[in-house]
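1. Show me how the following folds:
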Amino acid sequence: MDFKKSQELYNKGLTNLVGAVNSPVRAFASVGGNPLFVKKAKGSKIIDVDGNTYVDLVLSYGPMILGHRHKKVQKAVSKALKNGYSFGASTKNEIKLAKIICEAFSGMDKIRFVSSGTEAVLSGIRLARAYTGRDKIIKFSGCYHGHQDALLVAAGSGLATLSLPGSKGVPEGAVKNTLIANYNDLESVKAHFEEHDDIAGVILEPIAGNMGVVVPQNNFLKDLKKLVNSKGALLIVDEVMTGFRSNFGGAQEKFDVEADITCLGKVIGGGFPVGAYGARNEIMEMVAPLGGMYQAGTLSGNPIAMAAGISTLSELKKQDPYEKFNEIAKILEVFLLETAKKYDVKVTVNRFGSMINTFFTDVHVTNFEEAQTSDTKKYAVFFWEMIRNGVFLPPSQFEAWFLTSAISNKDLKNITKAIDKSIQAVSNM
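-> Here you go, the predicted model:
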């Protein structure tokens, strides 16, 4: 497989782009080599500038749940483009998409659209502080909630990939009100509440997708909700990644937990830059123009993004691919484990709905510390062998793989063949 054109573009990109990329994980720092440059995609496939075709398990890190360039989404976007690109004014489709999303999440009466998941989380936290009149926020080690200063600590994903504990440029004052707890460890949360009486809320990914796919254990989410609310604080659930990926709605429904504030992104934009945060009326009415918590954005509710989101969610509800996702993820889990056993390679596989991840460790991964026992050098070998065998994976051990409803039986066979060759390559290290 030839990567000559990608190499050439990488070299050119170094002149005017930071590291030739616009997001750190794209730099392939943890897997070695130079990044691939993509030319186009369709359905379950993505094609790089050298003409190499891959079954795509990155899917723009989640939003392409229907596959790339789905005909109905493409049609909706093309129609919207004829009317204009951005107005800085309200449109009918903002109301329509808001209704679809609010009906999918219990406890969500109103929603505010923004332009990214990072912006959604930033706003959700500000809202929790405004509503409670408190300052401190608890987050979990390994959970990533965007690159805002206050949460760019113990953040997993890109930071774990680059072995950075935080980020330069973030002053101590920016994180003084951020408390760190351990995922799946309720006692670590209780300890903070015992020490502090000014905690506004607790934020987490219901399925931690930025340290791999890590699932809550032993009623962790339900017990966390009870604890947080008993202290007069709010539970902020970051479903930017998990929203609409395990069911038509969020992971909250799967675990019978209702967030006080929900943050969304990815799928609700159908591939366009969209985020949102929502809650019940009494909380959302704190937001301007109804209340005193200010948040604004010229591109919020962008008409093209709204059209893509409506089309994506409407088609997703019609397809209802969630049983299929579970079946495919189970097939991949079993095959990964059996193949690893065949070649005497230690792996742990975690999955939830249409998200799956393989850790090169024999430790059962339930938190960030356990995720970090994975052998990233083995993942790098695995990654490149999968690439050479036509499967596009995230270039990081700590990112989830995603499934699309466009995946075919032939794709699945190609993935399993690639897994066999890639784990064999790991065993030969």
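2. okay, and the helix or strand of this structure with the least pLDDT?
-> When each helix and strand of the chain is scored by mean pLDDT, DSSP states H and E, helix 157-161 comes last, with a mean of 42.
3. Quickly find the element holding R351.
-> For R351, the host element (DSSP states H and E) is strand 348-352.
4. ok, and what's touching that strand?
-> The set of residues external to strand 348-352 that reach it, using Cβ atoms under 8 Å, 6 or more residues apart in numbering, is 207, 212-215, 242, 246, 251, 329-330, 332-333, 336-337, 356-359, 361-365, 374. In short, each C-beta sits where N, CA and C put it, glycine included.
5. so of those residues, which ones are in helices?
-> Cross-referencing the contacts of strand 348-352 against helices under DSSP state H gives 251, 329-330, 332-333, 336-337.
6. Just give me the closest of these to I283.
-> Using Cβ to Cβ, A251 comes nearest to I283 of the ones in helices among the contacts of strand 348-352, at 20.0 Å.
7. ok, the closest one - how many residues close by?
-> For A251, the count of nearby residues is 27 (other Cβ atoms under 10 Å).
8. Roughly how far does the spatially closest residue to it that is not a sequence neighbour sit from D256?
-> The shortest distance from A251 to any non-neighbouring residue, by Cβ to Cβ, 6 or more residues apart in numbering, is to P206 (3.9 Å). As for P206, its distance to D256 is 11 Å (criterion: Cβ to Cβ, to the nearest Å).
9. Which residue of the two possesses the greater neighbour count?
-> Higher neighbour count among P206 and D256: P206, with 28 against 11, using other Cβ under 10 Å.
10. sorry, back to before: point out the other helices and strands that the next helix or strand after the least confident helix or strand of the chain packs with.
-> Per DSSP H and E, the first helix or strand lying C-terminal to helix 157-161 is strand 178-181. Judged by 3 or more Cβ pairs under 8 Å, 6 or more residues apart in numbering; DSSP states H and E, the packing partners of strand 178-181 are strand 136-140, helix 186-195.
11. What strands line up against strand 178-181, and which way round?
-> Here strand 178-181 has these sheet partners by DSSP bridges: strand 136-140 (parallel).
12. mean confidence score for the partner strand?
-> The pLDDT scores in strand 136-140 average 92.
13. That one vs helix 186-195, what angle?
-> Between the axes of strand 136-140 and helix 186-195, defined by axes from the mean of the first three to the mean of the last three Cα atoms, to 10 degrees, the angle is 170 degrees.
14. Just the CA coordinates for strand 136-140, please, in CSV.
-> Extracted in CSV, the C-alpha atoms of strand 136-140 (Å, rounded to 0.1, in the frame of the first residue of the first chain):
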residue,chain,number,x,y,z
LYS,A,136,-16.6,23.9,41.8
ILE,A,137,-17.1,21.1,39.3
ILE,A,138,-16.1,17.5,39.7
LYS,A,139,-14.8,15.7,36.6
PHE,A,140,-13.4,12.2,36.2
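15. Give me the nearest residue to the residue positioned nearest the centre of the chain, chain neighbours excluded.
-> Note on the chain: the residue nearest the mean C-alpha position is M241, at 3.0 Å, using Cα atoms, centre = their mean. Once flanking residues are discounted, M241 sits nearest to G209: 4.3 Å by Cβ to Cβ, 6+ apart.
16. Hmm, E239 and the one you found touching each other?
-> No - contact criterion Cβ atoms under 8 Å: G209 and E239 do not qualify, at 10.1 Å.
17. Tell me the buried residues in stretch 416-425?
-> 418-420, 422-423, 425 (16 or more other Cβ atoms under 10 Å).
18. Please disregard the earlier target; I meant stretch 342-360.
-> 345-360.
19. now swap in stretch 79-88 and tell me
-> A80.
20. Based on its surroundings, how many neighbours for the closest residue to G275 other than its chain neighbours?
-> Of all residues not flanking G275 in the chain, A120 sits nearest, at 3.5 Å (Cβ to Cβ, 6+ apart). When neighbours are defined as other Cβ under 10 Å, A120 has 30 of them.
21. Show me what the mean pLDDT comes to for stretch 73-80.
-> 98.
22. can you tell me which two in the ones in helices among the contacts of strand 348-352 are farthest apart?
-> Farthest-apart pair in the ones in helices among the contacts of strand 348-352 is A251 and L337; separation 23.7 Å (Cβ to Cβ).
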